[in-house]
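Colleague: need coordinates for the below:
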Amino acid sequence: MSYSRTLTVNTMTEKPTIYFAGRITGGRKYADLYQRIVEQLKTYGKVLTEHVANPTVEADEDNAGLTDVFIHDRDMDWLYDCDVIVAEVTQKSLGVGYEIGRAVALNRLVICLFRSDSEERLSPMVAGAVGEKFFVYNYKEDQLPEIFANHLK
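Modeller: As a prediction, the model looks like this:
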């Protein structure tokens, strides 16, 4: 099954529409961090995916009876509608990698955040993808306001 939709081009003349991506399936180790990131992002624009920061998001979606197809199509709609994707990539996630790839294909601004104090290793496919609209930061949490200000104002 393939997903398609007519592309709507968004400009960031006003506050940007932000898609936040973080690992959901397979571990919520950084859910508290996701909450703090989303709160900061909300000061810059509309965050379409606040639910990613909810520590119980996976159980909530299961309890609501959301199917994989529904979640995929809903999230793809949000990717089409966003101006920028901010992805916390410290924990490996196939879903986040997929979202980043789709955002690149849609020519969206991509900001990847990797915790420099982590024992994880960032995939070379992300670390090496820097470009005009693709940014990767090895960050500490106190650096987030400056990173966001540089891209979202």
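Colleague: pLDDT below threshold where in the chain?
Modeller: 1-13, 28, 60 (pLDDT under 70).
Colleague: top helix in it by residue count?
Modeller: In the chain, ranked by residue count with DSSP state H as the criterion, the top helix is helix 68-81.
Colleague: what is the burial count for Pro124?
Modeller: Residues near Pro124, counting by other C-beta atoms under 10 Å, number 8. Every C-beta, even on glycine, is put in place using the N, C-alpha and C of the backbone.
Colleague: now do the contacts for the most centrally placed residue in the chain.
Modeller: In the chain, the centroid-proximal residue (C-alpha atoms, centre = their mean) is Ala21; its distance is 2.4 Å. Residues in contact with Ala21 (C-beta atoms under 8 Å, 6 or more residues apart in numbering) are 49, 52, 85-88, 95-96, 99-100.
Colleague: what about the helices in the protein?
Modeller: Using DSSP H, helices in the chain cover 31-41, 57-63, 68-81, 94-105, 124-127, 144-152.
Colleague: dump the ones you listed to JSON lines, plus distance to Glu14.
Modeller: Below are these laid out as JSON lines (distance: least, C-beta to C-beta, whole Å):
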{"stretch": "helix 31-41", "distance to Glu14": "15"}
{"stretch": "helix 57-63", "distance to Glu14": "28"}
{"stretch": "helix 68-81", "distance to Glu14": "14"}
{"stretch": "helix 94-105", "distance to Glu14": "20"}
{"stretch": "helix 124-127", "distance to Glu14": "29"}
{"stretch": "helix 144-152", "distance to Glu14": "12"}
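Colleague: wait, which of those is closest to Phe135?
Modeller: helix 144-152 (7.0 Å; C-beta to C-beta).
Colleague: so which elements touch that closest one?
Modeller: The contact analysis (3 or more C-beta pairs under 8 Å, 6 or more residues apart in numbering; DSSP states H and E) places helix 144-152 against helix 31-41, strand 84-88, strand 109-115, strand 134-139.
Colleague: what angle sits between that helix and strand 109-115?
Modeller: 170 degrees (axes from the mean of the first three to the mean of the last three C-alpha atoms, to 10 degrees).
Colleague: thanks a lot, catch you later.
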